[in-house]
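>>> could you work out the structure for the sequence below:
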Amino acid sequence: MSNKALVVGASGIVGSATGALLNENNWQVWGLARKPVKQDGVTPVAADLLDPASLGSALSSLAPSHVFISTWLRQATEAENIRVNAAMVRNLLDAVRGSKSVRNVALVTGLKHYLGPFEAYGKGALPQTPFREEQGRLDIDNFYYAQEDEVFAAAKRDGFTWSVHRPHTIIGEAVGNAMNMGTTLAVYASICKETGRPFRFPGSEAQWTSLTDMTDAKLLARHLLWAATTPAAANQDFNVVNGDVFRWKWMWGRIAGWFGIEAAPFDGVVRPLEQQMADDAAVWRDIAERHKLAEPQIDRLISPWHTDADLGRPIEVVTDMSKSRKLGFSVYQPTDEAFFALFEKLRRDRLIP
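Have a look, this model is predicted:
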C-alpha cells in the first residue's frame, strides 16, 4: 500500500471525516490524538504534540507518505496561540522527519486567515469579499500564519510538497470539539423544543441578512484527498466551502423546521448563546436522562463561544473557490442538507433526542 496517511487530530470533526474517507479509498491510516477514539480502518496513535519525547516514541515505527494536520489548542491570548500551535506543528514534523517517507503535508486552517484572530476577529481593515487566496495575509499576528510557516520551513528542509486548506465554519460530528456550530445549534434547538423556549437567532443583523457560506466536513475531507493526489494542487493554498450561499434568515427557519419548532422573529437584538445557554447544564442532564441520551454533559457537545463569534460578525463573509474549481475540484454540498445529515447522525448516535 503506497499511500499511508497520518491524520493528526483524528478525533476531531475534520480528522474523523478524513480518516474515514481515506480508509474508504484503501489508504493505510493512522489517527493521532491525545485520546484517540475507535474508528473503523484507522489505527489509533496516542501522543501529545507538545511532548516531543512521547511524540517521537509514538511515531518512530511509522513511515507515512502523507500527513494531514487538523488540530489546534485554544489559548488565552493570540501570542500564546502562536507559541503553542506553532510548536505543535514543528514537533510533529520533526518527529516524522526521520522516516524520510513524507511526500505531502496538508494543513487545515480557516477563514481567520482573512478575518483575523479571535482577539481582533472581523475588525480593522479586512479584504473585500468574497475572500480569495491571492489576498494574502493581514498585517496582524495570527497563529494560522505561524502554523503555515512551520510547514513551509519543514517542506523546504525535507523536500515534501504541501497544501493549505481554509474552510469556513465546519459542519460535522465530534464530541468534545472546541468549535462545533452544528451540534451546538442542534442541542439549542432540542432544548427549545423540550422547554418551549423561543428559538432565537443569537447573532447580528449583518449575519441575519447578508450572504454567507459554510463547509461540510465530508466535503473538506474530499478536498484534502483531492489535493493530496492532484499534482497541480501541490504547494498551493485553497479556500474550501460547500459551493452554495445563503442568508441566516432563511437557514434559521430551515433548522427550526427540521426540529419541528417555530423560528422566533428576529428583532435585531444580539442574544449570544453563551448567555442564553449559561444555565442549561441541568436542563440538558434532565433531557438526557429522560431520552436515554449518550452524553449528559452539555459542555461536551456545545461550543457557544465559537457559534457566537461566527453569528455575531458585523460583516458579510463569502468565500471564493475559483482556484480549486479551475484545477478540477467540483464537489458540491447544499448547506441545509449538510445540517440535516448531521442532525440525523446525532439522533442515531443518541446525542440529541
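>>> show me the strands in the stretch 201-350 of the chain, by range?
Chain-ordered strands for the stretch 201-350 of the chain, with DSSP state E, counting those that start in this stretch as the definition, fall at 211-212, 215-216, 236-240, 246-247.
>>> can you pull the alpha-carbon coordinates of stretch 336-349 into CSV?
Listed in CSV are the C-alpha atoms of stretch 336-349, where the atom choice follows Å, rounded to 0.1, in the frame of the first residue of the first chain:
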residue,chain,number,x,y,z
ASP,A,336,-29.0,22.9,4.7
GLU,A,337,-28.7,19.2,3.7
ALA,A,338,-25.3,19.1,5.4
PHE,A,339,-27.0,20.3,8.6
PHE,A,340,-29.9,17.8,8.2
ALA,A,341,-27.4,14.9,7.7
LEU,A,342,-25.6,15.9,10.8
PHE,A,343,-28.8,16.2,12.9
GLU,A,344,-29.9,12.7,11.7
LYS,A,345,-26.5,11.3,12.7
LEU,A,346,-26.6,13.0,16.1
ARG,A,347,-30.0,11.4,16.6
ARG,A,348,-28.8,8.0,15.5
ASP,A,349,-25.9,8.2,17.9
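>>> picking that back up, out of the strands of the stretch 201-350 of the chain, deepest packed?
Burial of the strands of the stretch 201-350 of the chain is given as mean neighbour count (mean count of other Cβ atoms under 10 Å); strand 215-216 ranks first at a mean of 28. All C-beta atoms are positioned from the backbone trio N, CA, C, and that covers glycine.
>>> now do the phi/psi pair for the residue positioned nearest the centre of the chain.
With distances taken as Cα atoms, centre = their mean, I170 lies nearest the centre of the chain, 4.6 Å away. Backbone torsions of I170, given as degrees, to the nearest 10, read phi -100, psi 130.
>>> so L21 sits against K218, correct?
Yes - in terms of Cβ atoms under 8 Å, L21 counts as a neighbour of K218; the distance is 7.2 Å.
>>> which residues of this structure fall in helices?
Assigned by DSSP state H, the chain shows helices spanning 13-24, 52-59, 78-97, 112-115, 143-158, 181-195, 205-209, 217-228, 248-258, 273-276, 281-291, 304-311, 322-326, 335-348.
>>> can you list those helices in a markdown table and add mean pLDDT and mean neighbour count?
As requested, those are arranged in a markdown table below (pLDDT from 0 to 100; neighbours: other Cβ atoms under 10 Å):
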| stretch | mean pLDDT | mean neighbour count |
| --- | --- | --- |
| helix 13-24 | 97 | 24 |
| helix 52-59 | 93 | 16 |
| helix 78-97 | 97 | 19 |
| helix 112-115 | 94 | 22 |
| helix 143-158 | 98 | 18 |
| helix 181-195 | 97 | 22 |
| helix 205-209 | 97 | 17 |
| helix 217-228 | 98 | 24 |
| helix 248-258 | 98 | 17 |
| helix 273-276 | 97 | 18 |
| helix 281-291 | 98 | 15 |
| helix 304-311 | 94 | 21 |
| helix 322-326 | 98 | 14 |
| helix 335-348 | 98 | 18 |
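>>> of the ones you listed, which is nearest V42?
Distances from V42 to each of the helices of the chain were compared using Cβ to Cβ; the shortest belongs to helix 13-24, at 4.3 Å.
>>> for the closest one, packing partners?
Using 3 or more Cβ pairs under 8 Å, 6 or more residues apart in numbering; DSSP states H and E as the contact definition, the elements that helix 13-24 packs against are strand 4-8, strand 28-33, strand 42-46, helix 217-228.
>>> out of the ones you listed, nearest to P198?
Ranking those by their distance to P198 (criterion: Cβ to Cβ) puts helix 217-228 first, at 29.4 Å.
>>> contacts for that closest one next, please.
With contacts defined as Cβ atoms under 8 Å, 6 or more residues apart in numbering, helix 217-228 is touched by 13-14, 16-18, 20-22, 25, 66, 68, 104, 106, 108, 163, 165, 167, 170-173, 233, 236, 238, 240, 242, 324, 328-329, 331, 333, 338.
>>> quick one, it and helix 13-24 angle?
Using axes from the mean of the first three to the mean of the last three Cα atoms, to 10 degrees, the direction of helix 217-228 lies 60 degrees away from that of helix 13-24.
>>> C-alpha coordinates for helix 217-228, PDB please?
Written as PDB, here are the backbone C-alpha positions of helix 217-228 (Å, rounded to 0.1, in the frame of the first residue of the first chain):
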ATOM      1  CA  ALA A 217     -16.600  18.100   7.000                       C
ATOM      2  CA  LYS A 218     -17.100  15.300   4.400                       C
ATOM      3  CA  LEU A 219     -16.600  17.800   1.500                       C
ATOM      4  CA  LEU A 220     -13.400  19.100   3.300                       C
ATOM      5  CA  ALA A 221     -12.100  15.600   3.600                       C
ATOM      6  CA  ARG A 222     -12.700  15.100  -0.200                       C
ATOM      7  CA  HIS A 223     -10.800  18.300  -0.800                       C
ATOM      8  CA  LEU A 224      -7.900  17.100   1.300                       C
ATOM      9  CA  LEU A 225      -7.800  13.800  -0.600                       C
ATOM     10  CA  TRP A 226      -8.100  15.600  -4.000                       C
ATOM     11  CA  ALA A 227      -5.200  18.000  -3.200                       C
ATOM     12  CA  ALA A 228      -3.000  15.100  -1.900                       C
END
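>>> how about the helices and strands packed on helix 13-24 in CSV, adding distance to M181?
CSV is the format used below for these (distance: least, Cβ to Cβ, whole Å):
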stretch, distance to M181
strand 4-8, 22
strand 28-33, 21
strand 42-46, 25
helix 217-228, 12
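>>> which one of these lies closest to A154?
Nearest to A154 among those is strand 4-8; the distance by Cβ to Cβ comes to 13.5 Å.
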